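1. the following comprises the amino acid sequence and a computationally predicted model.
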Amino acid sequence: MAKVTLTFDNGPESQVTPQVLDCLAHHGVKSTFFVLGRKVSTPAGLDLARRASREGHWIGNHTWSHIGRMGEGTGEAALQEFERTEQALSWVKQPVPLFRPRGGAGKLGKGLLHPAVVERLTLGGYTCVLWNSVPGDYRDPDGWMERALADCRTREWSLVVLHDLPNGAMLHLDGFLRKLREEGYQLTQDFPPECTPIVGGKIVQPLDGFL
Ligand SMILES: [Zn+2]
């Protein structure tokens, strides 16, 4: 049975994250929210992330400000983006701490990671979660669903990047989940090994292509 893992990046946002959580609960789907430190450090953002965590979703660090690719700046700047967000997430209790770098329109490749942050991830026992499916809900709020379905049909285990941003795209989340169920996918919270170059602090894939 082909599998799909859903992740929601760049939130939380008061105008959309509650509806996303309601929808996931309705479908009995657990996911991961890769939050921005600057959003999760506000009272409203903290409440939403706490709710997501309480409802069984995982919370991951997705940098403080989401500006630039960390490998293209200084180690100090990259670490600051990481640590400020970690401070905002100090309350999170889950099996393994999670981090996802900013790609920029789904781009992997050179500059995605910074060596200083890789060292921090290995010392801290983090899992680094990348992706293999970016259907573009952030730029195409109505067309992303068909693209996501078509893309999921191309592989055995898709890790889909969606965004809990208030652009209307998440109005289609319910329809997307219905379609995935109809087509027989197993929805799982775990990550496909090909998308996790660092697992629990251990480097399990060559990182040269990301540095
Ligand atoms: Zn992002």
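-> Alright, I've got the coordinates.
2. which other residues reach the longest helix along the chain?
-> Among the elements of the chain assigned as helix by DSSP state H, the one spanning the most residues is helix 75-88. Residues external to helix 75-88 that are found in contact with it (CB atoms under 8 Å, 6 or more residues apart in numbering): 35-37, 40-41, 46, 61-65, 70-71, 99, 114-117, 120. Every C-beta, even on glycine, is put in place using the N, C-alpha and C of the backbone.
3. kindly recompute the last result at 6 Å.
-> Outside helix 75-88, the residues that touch it by CB atoms under 6 Å, 6 or more residues apart in numbering are G37, V40, S41, N61, T63, W64, M70, H114, A116, V117.
4. excluding its backbone neighbours, what's nearest the third one?
-> Of all residues beyond its chain neighbours, the one nearest S41 is A88 (4.2 Å), with distances taken as CB to CB, 6 or more residues apart in numbering.
5. ok, that neighbour to V161 distance?
-> In this view, A88 and V161 are 21 Å apart by CB to CB, to the nearest Å.
6. cool, R84 as well?
-> 22 Å.
7. ditto for T74
-> Counting by CB to CB, the separation of T74 from V161 is 26 Å.
8. for E182, same thing?
-> The value you get for E182 to V161, if CB to CB is used, is 22 Å.
9. who has more neighbours out of these two?
-> Between E182 and V161, counted using other CB atoms under 10 Å, V161 has the larger neighbour count: 24 against 9.
10. residues contacting K39?
-> Applying CB under 6 Å, 6+ apart, we find K39 in contact with P12, G45.
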